[in-house]
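Visitor: Got a predicted model here, sequence first, then my questions.
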Amino acid sequence: MKDIAIILLAYRGVRLHRVLSSFLLQKDKNFRVYVCDDASPDDIAGTVSEFEDRLDLVYYRFAEHLGIAQASAHYERCLEKTGGESLVCFFSDDNELTPDAIRRIRRAARRYPEIPVFHLNTAYIDGTSGRTGEGKRFCRKMTAQNVFKRIFKAGAPAPMSSFFFRRAALEGAMFQIKEVSRSPLTLVFAALGAQGSLMTPWRARLLKRPHSLDEKFNPDSMEKVQQMLSFFGWTEYFFENYPLNPRERVELFASYAARLYPARSESEVAAQFLRFRVFERDFGKLRGKRILHRSLSK
């Protein structure tokens with residue numbers, strides 16, 4: 001029986017052939033790919049058919065398109081199609097894996113049975129799958145708090161495709177979190193739990209194209225108010241479930257927002273943050289975010 005399920009969230013067909021080809025090149029082939037076609041207008045089935053004799057593939061086409069707006073429901077219905085594999089990854093339709101990725105994830109899972117979530121560091125590729133750079137690396141073993149700080153203080157990339165969940169941890173997290181549309185990263189922290197750690201095998205990489213939809217910081221990809229909305233949309237869950245004192249919260253936000261507003265220092269950002277008392281009260285509202293945005297843009 002295959003013990004790793006890669007759920008390929010398929011909507012865009014333009015890079016799908018390259019994605020499946022990267023699975024074909026894996027040194028460890030003891031995995032199954034579930035291609036979940038989110039009512040795509042592209043010929044997903046046609047591309048998949050080219051690999052049916054070379055990969056362990058299961059194809060499903062859903063009649064209703066859910067997409068990012070209903071990510072939680074889409075993840076749940078895709079997970080229901082899997083066959084009980086012990087490790088599960090939700091994979092994008094335009095990312096790839098280095099040939100040793102599955103092998104190293106499996107080795108780590110066997111060596112550390114207590115770890116609920118595994119992760120791959122990120123390298124960037126272009127449209128022809130050529131390497132263009134390396135993302136900041138995660139440490140080999142990290143607590144949820146350190147993962148959080150690594151993403152938002154150090155700017156380390158954390159696309160959903162880079163995470164492999166133990167099934168029990170994933171199912172428990174999905175039961176706990178019914179709405180992950182703002183950011184799938186809530187699912188990662190829910191799966192880690194209060195005491196869990198994240199394990200990142202080195203050398204193997206997720207190969208990510210820059211236009212993939214994830215939580216990587218990119219000031220040019222959306223309006224700054226939307227950046228803050230996304231940030232606070234899922235960090236509220238983190239702060240409710242992990243100990244982080246008010247001073248650390250302010251410092252974390254100041255570090256993040258100072259990158260959005262390079263003309264402002266972290267101390268200025270923190271001062272404005274406290275002045276409007278937006279963290280516990282107004283920042284739960286769009287108006288509070290817009291007020292802070294205007295103050296920082298002056």
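Guide: Right, received. Where do you want to start? Numbering: from 1, shown residues only.
Visitor: what's near enough to touch residue 32?
Guide: Contacts for residue 32 (Cβ atoms under 8 Å, 6 or more residues apart in numbering) come out as 2, 4, 5, 6, 56, 57, 58, 82, 83, 85. C-beta here means a position set from N, CA and C on the backbone, and glycine is covered the same way.
Visitor: Relative to residue 100, which of these is nearest.
Guide: The closest of those to residue 100 turns out to be residue 4 (Cβ to Cβ; 13.9 Å).
Visitor: burial count for the closest one?
Guide: Using other Cβ atoms under 10 Å, residue 4 is surrounded by 21 other residues.
Visitor: what's across from it in the sheet?
Guide: residue 87 (DSSP bridges).
Visitor: check contacts around it.
Guide: By Cβ under 8 Å, 6+ apart, the residues touching residue 4 are 30, 31, 32, 85, 86, 87, 88, 89, 102, 105, 106, 164.
Visitor: Would you mind checking which of these is nearest to residue 267?
Guide: Once Cβ to Cβ is applied, the member of those that ends up nearest residue 267 is residue 164, at 39.2 Å.
Visitor: what residues are up against the closest one?
Guide: Contacts of residue 164 by Cβ under 8 Å, 6+ apart are 4, 87, 88, 89, 105, 109, 117, 118, 119, 120.
Visitor: From residue 14, how far off is the last one?
Guide: Taking Cβ to Cβ, to the nearest Å as the measure, residue 120 and residue 14 are separated by 23 Å.
Visitor: Equivalent analysis for the first one, please.
Guide: Residue 4 is 26 Å from residue 14, where distance means Cβ to Cβ.
Visitor: The contacts of residue 164 in helices, which ones?
Guide: Counting by DSSP state H, the contacts of residue 164 place 105, 109 in helices.
Visitor: could you redo the contacts of residue 164 as TSV and give each row pLDDT and distance to residue 257?
Guide: Output for the contacts of residue 164, formatted as TSV (pLDDT from 0 to 100; distance: Cβ to Cβ, whole Å):
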residue	pLDDT	distance to residue 257
4	98	38
87	98	36
88	98	34
89	98	31
105	98	34
109	97	37
117	98	27
118	98	31
119	98	26
120	98	28
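Visitor: what's near enough to touch the closest residue to residue 84 other than its chain neighbours?
Guide: The shortest distance from residue 84 to any non-neighbouring residue, by Cβ to Cβ, 6 or more residues apart in numbering, is to residue 167 (7.2 Å). When contacts are counted by Cβ under 8 Å, 6+ apart, residue 167 touches 84, 85, 86, 87, 88.
Visitor: re the thing from before, quick one: buried ones out of the contacts of residue 4?
Guide: By neighbour count, with 16 or more other Cβ atoms under 10 Å, those hold 31, 32, 85, 87, 88, 89, 102, 105, 106, 164 as buried.
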